[in-house]
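Participant: sharing a model prediction with you, sequence too.
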Amino acid sequence: SNALVWFRRDLRLADNPALQAALDAGHVPVPVYIHAPEEEAPWAPGAASRAWLHRSLQALDADLQARGSRLVIRQGDSLSELEKLISETQAAALHWNRLYEPASIARDTRIKQGLKSRGIPVESHNAALLVEPWTVQTGQGGPYRVFTPFWKNARQRLEGLRAGSAPKRLPEPPVTLAGLDVGDLGLRPPAHEPDWDAGFWEHWAPGEAGALEMLEVFLDGALRGYKAERDKPGRVGTSRLSPHLHFGEISPRTIVKALQDGDWPAAIEADLTHYLSELGWREFSHHLLYHFPQTAQDNLNPKFEDFPWVDPDEALLSAWKRGRTGVPLVDAGMRELWTTGWMHNRVRMVAASFLTKNLRLHWRHGADWFWDTLVDADLANNTQGWQWTAGTGADAAPYFRIFSPVAQAGRFDPAGDYIRRWVPELAQLPDKALAAPWEHADLLREKAPEYPDQPLVDLRESREAALAAYETVKADG
Ligand code: FAD
């Protein structure tokens, strides 16, 4: 008999518990994808995510076909599509892997209840996390708000961890079953400029094979020295697995297993531990979003509800979005994002700090832009990253610790490789003028006349204003 395997953000065959469960039960898995972005509202995938999804679904279908199966694509209300598919295939069961965003949880709960009341066995599984949010709690029995104790507890559960492999062959789903083509889903609407995403694909190969390749490259290369090099945006010092992890093209268990089983020299112990703890931040973000679902829009720290944010000025916001702030490290980051769909973590913090502290705009404006333009846009990680940088979140950087984009450039991009690459009009400036070119007016006029001669706001004054604004909420506790 048949069993539906409903693919969502688990677009892989290896270590896919929903697929494996159908196989283990002796069923013919019928792989299904249902396009229903409005069910994730207000966090339906943004433009960069849709562009990625388009390719990832094509890759999944090709991988399934290479094993004798195929992806059946439908679109519409998920519950009614699943009901139709169940009756068309006479499916004996439905399997899926769990999601943790509030809208998805509500939808999945409704579907589970709807189908169960009709006698259809529905089973959900964990494909995306090392530790699901409800499986770790503080000594008092509540959720964690601080990373270090969370991770201390959670990482103990990684011993003896297992990760499944991909089935070599799959039985064929019923031939009569009709489906759409990926191209019919309109995932690549011309929302931005024509071919805005064209530059992405020099950097990325969506799909499971691309994810595994990225992991190999990392393990053979940047893992050595990760702890020190991960902060330097001018080099490939990190794994770049974030979009693959977001779409479930690779399982975090597969990554951890590779780290645990590798025959590593003792010298890289600190790199391994640090990399694992970054995966831990991903777990922590999901823990927070699950237990505090309102934080996708509200400040986790409620005293910031009264914070005097500045009303957004479209000109300021659009200068930030398109990398025309006159602050080179911020502009480099925003242009890297626009061109590749990704931004280095260090620069994400600097660009986010500039928006929320120097421009003093609510972090939601920045989070929305990232949501639309990041290929790894992820509600849990994006929310946590923005609230952390804005100082409004759990275990956040204290509000008064404001990043200086000039000092950060000097420290993490001292030779200016990153700035020169993404802000090429500054390429001819000497190193000493790259981080704060407005302090070298003559050089700037001569060598980079098209770059803004002043930053959008004075860095020192805006920093003082942010600290003064903070004084107004600080007293409330
Ligand atoms: P690596 O350094 O190789 O880390 C490995 C993996 O660990 C990453 O792929 C990611 O899954 C996880 N990870 C690493 N750092 C973090 C972190 N700080 N928080 C949570 N998980 C982390 N990450 C996203 O995946 N999606 C987002 O939408 C997102 N938005 C962010 C917004 C802001 C303002 C900030 C400051 C950070 C954001 N991050 C987000 C976290 C981080 O910047 C990216 O995960 C990281 O840059 C991805 O690159 P990598 O895969 O090479 O990371």
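Facilitator: That came through fine.
Participant: for the helix or strand hosting Trp281, packing partners?
Facilitator: Taking DSSP states H and E as the criterion, Trp281 maps to helix 269-291. Helix 269-291 is packed against helix 147-155, helix 226-229, helix 252-261, helix 379-390, with contacts defined by 3 or more C-beta pairs under 8 Å, 6 or more residues apart in numbering; DSSP states H and E. Just so you know, the C-beta spots here come from the backbone N, C-alpha and C atoms, and that holds for glycine as well.
Participant: can you tell me the residue of this structure closest to the ligand?
Facilitator: Across the chain, the shortest distance to the ligand (C-beta to the nearest ligand atom) belongs to Gly385, at 2.5 Å.
Participant: I'd like to know how far the closest residue to that residue other than its chain neighbours sits from Trp201.
Facilitator: Here the nearest residue to Gly385 in space, its sequence neighbours aside, is Arg348; by C-beta to C-beta, 6 or more residues apart in numbering that works out to 6.3 Å. Distance, Arg348 to Trp201, using C-beta to C-beta, to the nearest Å: 22 Å.
Participant: who's more crowded, those two?
Facilitator: Arg348 (22 against 14; other C-beta atoms under 10 Å).
Participant: wasn't that one part of a helix?
Facilitator: Yes - counting by DSSP: H, G, I helix; E, B strand; the rest coil, Arg348 is located in a helix.
Participant: what does the protein have sitting close to the ligand?
Facilitator: Within reach of the ligand by C-beta under 6 Å from any ligand atom, the chain has these residues: 230, 238-242, 245-246, 278-279, 281-282, 285, 345, 348-349, 352, 370, 374, 376-378, 381-382, 384-386, 389.
Participant: just the buried ones from those residues?
Facilitator: Buried by 16 or more other C-beta atoms under 10 Å: 230, 238-242, 245-246, 279, 281-282, 285, 345, 348-349, 352, 370, 374, 376-378, 381-382, 384-386, 389, out of the residues of the chain next to the ligand.
Participant: got the residue ranges for the helices in the stretch 301-450 of the chain?
Facilitator: Residue ranges of the helices in the stretch 301-450 of the chain, as given by DSSP state H, counting those that start in this stretch, are 314-321, 328-340, 345-353, 363-373, 379-390, 405-412, 417-422, 431-434, 441-447.
Participant: which among the ones you listed is found nearest to Gln140?
Facilitator: helix 379-390 (22.0 Å; C-beta to C-beta).
Participant: and the closest one, what does it pack against?
Facilitator: helix 269-291, helix 345-353, helix 363-373.
Participant: what angle separates the second one from helix 328-340?
Facilitator: Calculated by axes from the mean of the first three to the mean of the last three C-alpha atoms, to 10 degrees, helix 345-353 forms an angle of 110 degrees with helix 328-340.
Participant: what's the answer for the longest one, then?
Facilitator: Taking the same axes, to 10 degrees, one finds that helix 269-291 is oriented at 70 degrees with respect to helix 328-340.
Participant: using CSV, write out every CA atom in helix 269-291.
Facilitator: Presented in CSV, the C-alpha positions along helix 269-291 are these (Å, rounded to 0.1, in the frame of the first residue of the first chain):
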residue,chain,number,x,y,z
GLU,A,269,39.5,20.7,19.0
ALA,A,270,38.6,24.3,19.6
ASP,A,271,37.4,24.8,16.0
LEU,A,272,35.2,21.7,16.3
THR,A,273,33.7,22.9,19.6
HIS,A,274,33.1,26.3,18.3
TYR,A,275,31.5,25.2,15.1
LEU,A,276,29.2,22.9,17.1
SER,A,277,28.2,25.8,19.3
GLU,A,278,27.2,27.8,16.2
LEU,A,279,24.8,24.9,15.3
GLY,A,280,23.8,25.3,19.0
TRP,A,281,22.7,28.9,18.3
ARG,A,282,20.5,27.6,15.6
GLU,A,283,18.9,25.2,18.1
PHE,A,284,18.6,28.0,20.7
SER,A,285,16.9,30.3,18.1
HIS,A,286,14.3,27.6,17.4
HIS,A,287,13.9,27.0,21.2
LEU,A,288,13.2,30.7,21.7
LEU,A,289,10.8,31.0,18.8
TYR,A,290,8.9,27.9,19.9
HIS,A,291,8.5,29.1,23.5
